[in-house]
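1. structure here, sequence nowhere to be found:
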């Protein structure tokens, strides 16, 4: 799973897609996940990292990550060929 | 290493320059306490969902309304509208504050009597009064508001039979410039029906015409409509004085004052558009004071407003059951209460607050109830912070009509708790149980026992 290469992300969670001109806002944990995807981390690695750093449990993270990846795909922020893999 | 507080990841498209049809964010801090009682503790003690009534808010709201009218007019009487919320504890708070009872059925009439309201302080409205109910009302010297000619003649007949005089008022409907006109209750002013009914009563020695009554609509956002109504009511009262040399004792302006709720489809929130008690009072009292009554013959103003007096005193507490993503990508949250207990969600975009800490990020969310019915939508769109399963929410301004129009449907109805003036808790209606729901059911013997 890869975030589109030309997607710009600011430190405050402002996400910009220069191809469509659309902009988005994400919360700090969303930003972390997008940055992890940008640095080519996979879902399992991201999940482990969240469990390690936050007060939560595996089921919650699994569920929320799946929903978040689904949103990234819906918002057309994932590479086309990658979007269909999961 | 200490772990960080987890929040569900979320991402939202920004619509720069466009009107956000989901409305603006309204929640900045969690709503954790009602009159000193924590939401968490309330739900732990009484279960979820739970209705909470603030006695302090009821008393304060009524006193505000009384002040608005009594500083403008010498004779004002409030009558508590039972149909708005007839839990006995709620009614008795209003009666302790001096409100009479305004009832619209034999059931409500009996409730008022049981609560200790003297018969002559009960206003009996409504189109359906049985012979037995009218007999009782005549004997108790209650104020019977006549809705139609059939009732007028029935009452006359009863008075003759009982050899008692009934205390009555004529219910009047009229054009106040607000449409649709509520013309189904009482007698019309413009076409002369009301004047005709007044004459029929005045020329009968079996009925004492004490008052005139109107109820021009509900959730009235235009105080000037009350001014029009008050002028027309005063005109009828002055007509009685001129023709029969008799003074009308009271003009009952009914109810219909808006609460601070936001009507569905309203562009602005209710807190910004609903008139204050002062605005309603100014419209009504100015019209009557300027109508031409002598100082000694000013009629008493009776007010039956319900919604505006009790809505803000009611809260509905609940819990998140689940989160899901709808087919079109919208966030949906399922709560443990639905339209079965929050009937007013059909009319209002209720304010909903999370009861625990949250961040500044929100998601446009559809709030569903727990019923297995497609109509069970509490809010179609509301920007809310990410809520997790088990989180608590508070719905505001639910004190009017929910506790009378709620349904025992699919699930059992929750308990109702009142917080008194010292912030102490009192259960005023128990949570329903299987046995309380089934106690009036009967199963014929031949239907018991079957093989599957």
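-> Looks like it came in fine. Computed from a prediction, not measured in an experiment: that's the story for all the values here.
2. so which bits of chain B are right by chain A?
-> Residues of chain B lying close to chain A (Cβ under 8 Å from any Cβ of the partner chain) are B:3-14, B:16, B:323, B:325, B:329, B:359, B:361, B:386, B:388. (Glycine included, C-beta is placed from N, CA and C.)
3. other residues contacting whichever strand or helix holds residue B:285?
-> Using DSSP states H and E, residue B:285 sits in helix B:277-289. The contact list for helix B:277-289 (Cβ atoms under 8 Å, 6 or more residues apart in numbering or on different chains) reads B:64-65, B:67-69, B:72-73, B:223-224, B:226-228, B:230-231, B:233-234, B:251, B:253, B:257, B:298-299, B:301, B:308.
4. buried ones among those residues?
-> When the contacts of helix B:277-289 are checked for burial by 16 or more other Cβ atoms under 10 Å in any protein chain shown, the buried set is B:65, B:68-69, B:72-73, B:223, B:226-228, B:230-231, B:233-234, B:251, B:253, B:257, B:298-299, B:301, B:308.
5. out of the residues you listed, which sit inside strands?
-> B:251, B:301 (DSSP state E).
6. out of the buried ones among the contacts of helix B:277-289, which sit inside helices?
-> B:65, B:68-69, B:223, B:226-228, B:230-231, B:233-234, B:308 (DSSP state H).
7. before we move on, back to that, selecting buried members of the residues of chain B next to chain A in ChimeraX, what would you type?
-> The ChimeraX selection below is limited to those of these classed as buried (16+ other Cβ under 10 Å):
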select /B:6,7,8,9,10,11,12,323,361,386,388
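8. related to what we said a few turns ago, pull out the buried positions in the helix holding residue B:285.
-> Buried, per 16+ other Cβ under 10 Å, within helix B:277-289: B:277-285, B:287-288.
9. which member of the residues you listed is positioned nearest chain A?
-> Proximity of those to chain A (Cβ to the nearest Cβ) peaks at residue B:279, which lies at 40.1 Å.
10. thought residue B:198 was touching residue B:236?
-> Yes: between residue B:198 and residue B:236 there is a contact under Cβ atoms under 8 Å: 6.4 Å.
11. near chain B, which residues of chain A?
-> A:15, A:22-30, A:32-33, A:50, A:53-56, A:60, A:64-65, A:67-68, A:70-72, A:74-75, A:77.
12. drop anything exposed from the residues you listed.
-> Neighbour counting with 16+ other Cβ under 10 Å marks A:15, A:22, A:24-27, A:29-30, A:32-33, A:50, A:54, A:56, A:60, A:64-65, A:67-68, A:71-72, A:75, A:77 as buried within the residues of chain A next to chain B.
13. just the mean pLDDT for stretch B:427-447, thanks.
-> For stretch B:427-447, mean pLDDT rounds to 96.
14. re the thing from before, pLDDT added to the buried residues of helix B:277-289, as JSON lines?
-> Below are the buried residues of helix B:277-289 laid out as JSON lines (pLDDT from 0 to 100):
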{"residue": "B:277", "pLDDT": "98"}
{"residue": "B:278", "pLDDT": "98"}
{"residue": "B:279", "pLDDT": "98"}
{"residue": "B:280", "pLDDT": "98"}
{"residue": "B:281", "pLDDT": "98"}
{"residue": "B:282", "pLDDT": "98"}
{"residue": "B:283", "pLDDT": "98"}
{"residue": "B:284", "pLDDT": "98"}
{"residue": "B:285", "pLDDT": "98"}
{"residue": "B:287", "pLDDT": "97"}
{"residue": "B:288", "pLDDT": "97"}
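15. which residues touch the residue nearest the centre of chain A?
-> In chain A, the C-alpha nearest the mean C-alpha coordinate belongs to residue A:34, at 3.6 Å (Cα atoms, centre = their mean). Residues in contact with residue A:34 (Cβ under 8 Å, 6+ apart) are A:3, A:7, A:9, A:15, A:26, A:72, A:77.
16. pull up the pairing partners for the host helix or strand of residue B:168, direction included.
-> Assigned by DSSP H and E, residue B:168 falls within strand B:166-173. Here strand B:166-173 is paired, per DSSP bridges, with strand B:143-146 (parallel), strand B:187-188 (parallel), strand B:207-214 (parallel).
17. which other residues reach the shortest one?
-> Counting contacts by Cβ under 8 Å, 6+ apart, the residues outside strand B:187-188 that touch it are B:148, B:170-174, B:193-194, B:196-197.
18. what mean pLDDT does that strand get?
-> 97.
19. next structured bit after it?
-> Following strand B:187-188 toward the C-terminus (DSSP H and E): helix B:193-202.
20. what's the angle between that following helix and strand B:207-214?
-> 160 degrees (axes from the mean of the first three to the mean of the last three Cα atoms, to 10 degrees).
21. give me the helices and strands touching the lengthiest helix in chain A, please.
-> Ranked by number of residues, the top helix in chain A under DSSP H is helix A:58-74. Counting contacts by 3 or more Cβ pairs under 8 Å, 6 or more residues apart in numbering or on different chains; DSSP states H and E, helix A:58-74 packs against helix A:28-38, helix A:43-53, strand B:11-14, strand B:314-325.
22. going by mean pLDDT, which of these comes out lowest?
-> Within the helices and strands packed on helix A:58-74, confidence is poorest for strand B:11-14, with a mean of 90 (mean pLDDT).
23. look up which residues are beta-bridged to the residue nearest to residue B:430 when sequence neighbours are not counted.
-> Leaving aside its chain neighbours, residue B:430 sits nearest to residue B:415 (5.8 Å; criterion: Cβ to Cβ, 6 or more residues apart in numbering or on different chains). Beta-bridge partners recorded for residue B:415 (DSSP bridges): residue B:50.
24. surely residue B:415 meets residue B:50?
-> Yes: the pair residue B:415 and residue B:50 passes the contact test of Cβ under 8 Å, sitting 5.9 Å apart.
25. so the two - more neighbours on which side?
-> Legend: neighbour count by other Cβ atoms under 10 Å in any protein chain shown for residue B:415 and residue B:50, higher for residue B:50 (23 against 18).
26. for the more buried one, give me its contacts.
-> B:42-43, B:316-318, B:414-417.
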